[in-house]
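K.L.:
After the sequence you'll find the predicted model.
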Amino acid sequence: MRILSLLLTISLLLSALAGCGSADSTSATTVGSSGSTTSQSVPSTTTQTTPATDPVTTPDVTDKKPITEPVTPPAPEGTGVLVSLSMPVADNLTLVQDLSFTVDEDTRTATLALSYDTYADLATLSDARLVSLAEGGEVSFAPLTDAGGVDLTADAVCKVTDENGGVKIYRLTVDRTVYRLPIVNITLENGKAVNTIDRNLTTTMTFSLDCSGVEGYESIGNVSGTIRGRGNSTWKWDKKPYKIKLDKKESLLGLDDNRDWILLANYADKSLIRNTLAYEMGRVLDQLVWSPHSYPVDLFVNGEYQGVYALGEHMEVAGGRVDIEEGSLEVDTDYLLEIGGMAPTGDVNGVHYFHTDGRLVRFATFKSPDFEEITDEQKKFLTDYFQKAENAIKKGEGYEAFIDVDSFVDWIILHELAYNLDSCFRRSCFLVKEKGGKIRMGPIWDFDLAFGNFSRDNKNYDDWITIGKPTEGDETPYVQYNWCTYLMRDEEFCDRLAQRWEEVRDRLLSVANDTIDTYGALLNGGSQQENYEVWKVWDVRTGYQSRWCKEANTYEKQLQYLRDFLEKRAKWMDTAIPKLPT
């Protein structure tokens, strides 16, 4: 194990510990950079083990303690002591943090308060290196661990001897500032800086998940793995998204064991929960192939705070995710495709992707099997099947033999209610051709620009987006004609859409509002405030954000914007659906 060190210094006035000062007690209070905290006292090594199967109903943690300024009694002349806490973070990496230190003479307790800017995990605190430099006295700590440190998660004590030989012993505790989100802590190899993470190359890292500040989740100790950047346009933005691969499968936040996970930055989404919101709504629509999970977390890299991220499942074929057959050489096997997954530049039609003859499906990419593994026979079978499906959809006859109609209905309802213009048969649009079966829509993916957050939106939100628009001259619409265009011209399909909307409408809105309320409260417990101390973007149009969404320039306004958007959009669909087909 590498020897890693840093100095985190605090001023400790000897009078509070030496017994020659005032006997008044002072209570420990941790004040983070946002001025809003919930303090957690260590020792507290117990973590919650209840699986988090339903994030919407995850119980809240206790209310925040009142904020008070720490009080330090005056020191008698000629005394004083400086205590440094040496903590492992990464090779060749040093971070310095001023720590507050308070004592309570009534209980003989000395409390060390860690702020939120720098993360100290329980493993570090269980073998902390405490060094003192006393003026007019001596201070020592016990009991020592086998490695020579002090276990701050257990019953550590501080022994103070003043210049006259007087001795006092205090129980030493630690207050870590923890908010209402799980904490992801990543340490890069060899002290590499976070800005060295590459999108195409992996960097070795150590990963841990600290859930001691929330109920219902289980902490995960240090696990080795790799990290790299992810995304296309999102990678160009200041707050970067990441993909991590653990060296062994782990269950994170109660989800199925897997090695592959993503950390979405949600830079363009100032609510920080649009993907989480959409995926929870997707679970109401049970005809979709799969709806991933996405949970807000606080991310630290090399001990330094990076902001609120969304820890979620990677889009892949795996048990508990897109659970289909993989690796078969049969012609009629399971297939996962993405529409818009490839750009034309540098890629070859028929090799990396395909178009249907009528180009209602464009740039359909082979995801499983991918283009390196899929056989020529499989490509021909798949492209022929899609062409037959398209021909039937355009005619409005017999398409039920090729597509799972219920999954298309659910997919349209979710994308229309969320107004997810970016994923409407354009990109991030996934579907599965089942073995011996039909084409099903899903998994759903990529909603950070949905719910009124995209500059290309119609500001009035009074139109259908999944049906697309025709190309006129040299102008290419953002969403072009596609299969939905013709399905929503078919009377039978529209009848099923109307019936399904009536069935799920109120449940969708109920789940949506519960999700906004639940996660909004968790984020408002301090994490969103810390995030926007790092990313000062309230008056900046981030990513492709719409101008009108930017006007909601506080976190509370962002949450209300989501509620208002959903209510208005649902009312429009109530009146527009009976008018179909157009």
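P.N.:
The structure has been received and is ready for your questions.
K.L.:
is it true that S140 touches A156?
P.N.:
No - under the criterion of CB atoms under 8 Å, S140 makes no contact with A156, lying 11.1 Å away. For every residue, glycine as well, the C-beta is placed using N, CA and C.
K.L.:
out of those two, which sits in the more crowded spot?
P.N.:
A156 (26 against 15; other CB atoms under 10 Å).
K.L.:
I'd say the more buried one and T145 touch.
P.N.:
No - using CB under 8 Å as the test, A156 is too far from T145 to be in contact (9.8 Å).
K.L.:
In terms of helices and strands, where is the spatially most central residue of the chain?
P.N.:
Residue closest to the average C-alpha location in the chain (CA atoms, centre = their mean): A310, at 0.5 Å. Counting by DSSP states H and E, the element that carries A310 is strand 304-313.
K.L.:
Beyond that strand, next helix or strand please.
P.N.:
strand 335-339.
K.L.:
Could you name the helices and strands sitting against that next one?
P.N.:
strand 364-368, helix 376-395, strand 429-433 (3 or more CB pairs under 8 Å, 6 or more residues apart in numbering; DSSP states H and E).
K.L.:
wait, doesn't K245 sit right on S224?
P.N.:
No - in this structure, K245 is not within contact of S224 by CB under 8 Å, at 10.2 Å.
K.L.:
send the alpha carbons of stretch 224-235 over as PDB?
P.N.:
Output of stretch 224-235 as PDB, limited to C-alpha atoms (Å, rounded to 0.1, in the frame of the first residue of the first chain):
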ATOM      1  CA  SER A 224     -10.100  -0.900  -7.800                       C
ATOM      2  CA  GLY A 225     -11.100  -0.200 -11.300                       C
ATOM      3  CA  THR A 226     -10.800   2.300 -14.200                       C
ATOM      4  CA  ILE A 227     -12.400   5.600 -15.200                       C
ATOM      5  CA  ARG A 228     -12.700   7.400 -18.500                       C
ATOM      6  CA  GLY A 229     -14.800  10.200 -20.000                       C
ATOM      7  CA  ARG A 230     -18.000   9.600 -21.800                       C
ATOM      8  CA  GLY A 231     -20.500  11.400 -24.000                       C
ATOM      9  CA  ASN A 232     -20.200  13.400 -27.100                       C
ATOM     10  CA  SER A 233     -21.400  17.100 -26.700                       C
ATOM     11  CA  THR A 234     -21.600  16.600 -23.000                       C
ATOM     12  CA  TRP A 235     -17.800  15.800 -22.800                       C
END
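K.L.:
Tell me how far that stretch lies from the chain's centre.
P.N.:
Remark: stretch 224-235 is offset 13 Å from the chain centroid, using CA atoms, centre = their mean, to the nearest Å.
K.L.:
Repeat that for stretch 381-395.
P.N.:
38 Å.
K.L.:
One more: stretch 205-221?
P.N.:
14 Å.
K.L.:
okay, how far is it across that stretch, tip to tip?
P.N.:
13 Å (CA to CA, to the nearest Å).
K.L.:
quick one: buried residues of it?
P.N.:
205-214, 216-220 (16 or more other CB atoms under 10 Å).
K.L.:
Could you measure from S423 over to F300?
P.N.:
31 Å (CB to CB, to the nearest Å).
K.L.:
Stretch 118-138 - what's its average pLDDT?
P.N.:
When pLDDT is averaged over stretch 118-138, the result is 72.
K.L.:
Compute the first-to-last residue distance for it.
P.N.:
28 Å.
K.L.:
How about it, which residues are buried there?
P.N.:
Quick answer for stretch 118-138 (16+ other CB under 10 Å): 118-122, 124-130, 132, 134, 136-138.
K.L.:
For it, what is the distance to the chain centroid?
P.N.:
32 Å.
K.L.:
and if you look at stretch 560-579?
P.N.:
Using CA atoms, centre = their mean, the offset of stretch 560-579 from its chain centre is 27 Å.
K.L.:
now do stretch 518-537
P.N.:
With CA atoms, centre = their mean, you get 13 Å for stretch 518-537.
K.L.:
is it true that P470 touches T476?
P.N.:
No - under the criterion of CB under 8 Å, P470 makes no contact with T476, lying 10.0 Å away.
K.L.:
Any regions of the stretch 451-582 of the chain where pLDDT drops low?
P.N.:
Counting by pLDDT under 70, the ranges of the stretch 451-582 of the chain that qualify are 582.
K.L.:
typo on my end, the stretch 51-200 of the chain
P.N.:
Using pLDDT under 70, the stretch 51-200 of the chain drops low at 51-101, 131-135.
K.L.:
Now do the strands in the stretch 401-550 of the chain.
P.N.:
429-433, 439-441 (DSSP state E, counting those that start in this stretch).
K.L.:
Including mean neighbour count, could those go into CSV?
P.N.:
Formatted as CSV, those follow (neighbours: other CB atoms under 10 Å):
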stretch, mean neighbour count
strand 429-433, 25
strand 439-441, 24
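K.L.:
so which of these gets nearest Q528?
P.N.:
With CB to CB as the measure, strand 429-433 is the member of the strands of the stretch 401-550 of the chain nearest Q528 (29.9 Å).
K.L.:
Can you spell out which helices and strands pack onto that closest one?
P.N.:
By 3+ CB pairs under 8 Å, 6+ apart, strand 429-433 packs against strand 335-339, strand 439-441.
K.L.:
Q387 is nearest to which of those strands?
P.N.:
strand 439-441 (12.0 Å).
K.L.:
what number of residues lie near the nearest residue to R283 once chain neighbours are set aside?
P.N.:
Nearest residue to R283, sequence neighbours excluded (CB to CB, 6 or more residues apart in numbering): S291, at 5.0 Å. S291 has 21 neighbours, counted by other CB under 10 Å.
K.L.:
likewise R321?
P.N.:
Neighbour tally, R321, other CB under 10 Å: 20.
K.L.:
cool, and G436?
P.N.:
When neighbours are counted by other CB under 10 Å, G436 comes out with 8.
K.L.:
That one touches D332, doesn't it?
P.N.:
Yes - applying CB under 8 Å, one finds G436 in contact with D332, separated by 5.9 Å.
K.L.:
check which helix or strand covers the residue in the chain sticking out farthest from the centre.
P.N.:
Most distant residue from the mean C-alpha position of the chain: N164, 55.5 Å away (CA atoms, centre = their mean). Assessed by DSSP H and E, N164 sits outside every helix and strand.
K.L.:
Now do it against E138, distance only.
P.N.:
Taking CB to CB, one finds N164 at 12 Å from E138.
K.L.:
For the stretch 101-250 of the chain, which segments count as helices?
P.N.:
122-125 (DSSP state H, counting those that start in this stretch).
K.L.:
Grab the nearest non-local neighbour of R426.
P.N.:
In space, R426 is closest to G340, 5.1 Å off (CB to CB, 6+ apart).
K.L.:
same check, this time on Q378
P.N.:
Nearest to Q378 is V331, by CB to CB, 6+ apart, at 5.8 Å.
K.L.:
The one you found - how many residues pack around it?
P.N.:
12.
K.L.:
Kindly report the same for R199.
P.N.:
With other CB under 10 Å as criterion, R199 counts 15.
K.L.:
Show the contacting residues for it.
P.N.:
For R199, the contact set (CB atoms under 8 Å, 6 or more residues apart in numbering) comprises R228, G229, R230, G231, W235.
K.L.:
Quick check on the residues you listed: which are buried?
P.N.:
Buried among the contacts of R199 by 16+ other CB under 10 Å: R228, G229, R230, G231.
K.L.:
Pipe those residues into CSV and attach pLDDT per row.
P.N.:
What follows is those, written out as CSV (pLDDT from 0 to 100):
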residue, pLDDT
R228, 97
G229, 97
R230, 95
G231, 87
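K.L.:
Among the residues you listed, which one lies nearest to K459?
P.N.:
G231 (26.4 Å).
K.L.:
So what does that closest one have for phi and psi?
P.N.:
phi 90, psi 170 (degrees, to the nearest 10).
K.L.:
so how far is P241 from it?
P.N.:
5 Å.
K.L.:
What's the per-residue pLDDT of the residue nearest to the centre of the chain here?
P.N.:
pLDDT, A310: 98.
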